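Sequence and computational prediction follow.
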Amino acid sequence: MRFLLDPEQRAFGDSLNAMLAAADTPSVVRDWSRGEHTRGRALWGRVAEAGVFGLAVPETYEGLGCRPVELVVGFVELGRHAVPGPLVETVTAAVLLTDLPDPGPAKRLLPALASGEAMATLAWAAPYALDGDVATTRLALTSRGLHLSPGHGPVRPSLD
């Protein structure tokens, strides 16, 4: 069995690479690390317009359908360019919301996550969540399940 990207998948990766190369991500990362999120949010919007977040959201919630290979292609480029923000957390939240037995939270939250209007972060049984100060959707995953968190506590600087 050969695992090769088809021409559309390669074109998607190439277009993301070109967009991110033009975005001057090193300066966006420096701004983000200082708590200045304006340029990072603008880049987030461009990533969303390219469809990256929609690749984890079913079409019934205004996404592009669950497309894991394309999502991997997108994340390869996001990683190559060190795009800041709760990228993994937002996609993880989309997948977890999709799997809830009650579709109410998914109907409310997934369209905004797919469009890039919202950013999500997650906390796993601990009081700390990455980018909790920037995320508009904060979720806590505990032994009792997935819960919305009302806000965030004090922002602590990262060593990264």
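Yes, it's here.

only C-alpha atoms for contact and neighbour calcs from this point on.
OK.

Doesn't T121 lie inside a helix?
No - under DSSP: H, G, I helix; E, B strand; the rest coil, T121 falls outside any helix and is assigned strand.

gap between it and L96?
Using C-alpha to C-alpha, to the nearest Å, one obtains 12 Å as the distance from T121 to L96.

Where does the prediction get shaky in this protein?
Applying pLDDT under 70 to the predicted model, the residue ranges of the chain that meet it are 1, 125-126, 151-160.

the helices in it, which residues?
7-22, 25-33, 38-49, 68-80, 87-98, 104-115 (DSSP state H).

would you turn the ones you listed into TSV with mean neighbour count and distance to A140?
Converted to TSV, those look like this (neighbours: other C-alpha atoms under 10 Å; distance: least, C-alpha to C-alpha, whole Å):
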stretch	mean neighbour count	distance to A140
helix 7-22	15	31
helix 25-33	17	23
helix 38-49	18	23
helix 68-80	17	23
helix 87-98	21	10
helix 104-115	20	14
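
Looking at those, which is nearest to L139?
helix 87-98 (7.5 Å; C-alpha to C-alpha).

Pull the contacting residues for P68.
Applying C-alpha atoms under 8 Å, 6 or more residues apart in numbering, one finds that P68 lies in contact with L55, A56.

what separates it from F12, distance-wise?
13 Å.

G74 too?
Spatial separation of G74 from F12 under the definition C-alpha to C-alpha is 8 Å.

follow-up on the earlier one: of all the helices of the chain, which lies closest to T60?
Closest to T60 of these, according to C-alpha to C-alpha: helix 104-115, at 8.8 Å.

Off-centre distance for the closest one?
13 Å (C-alpha atoms, centre = their mean, to the nearest Å).
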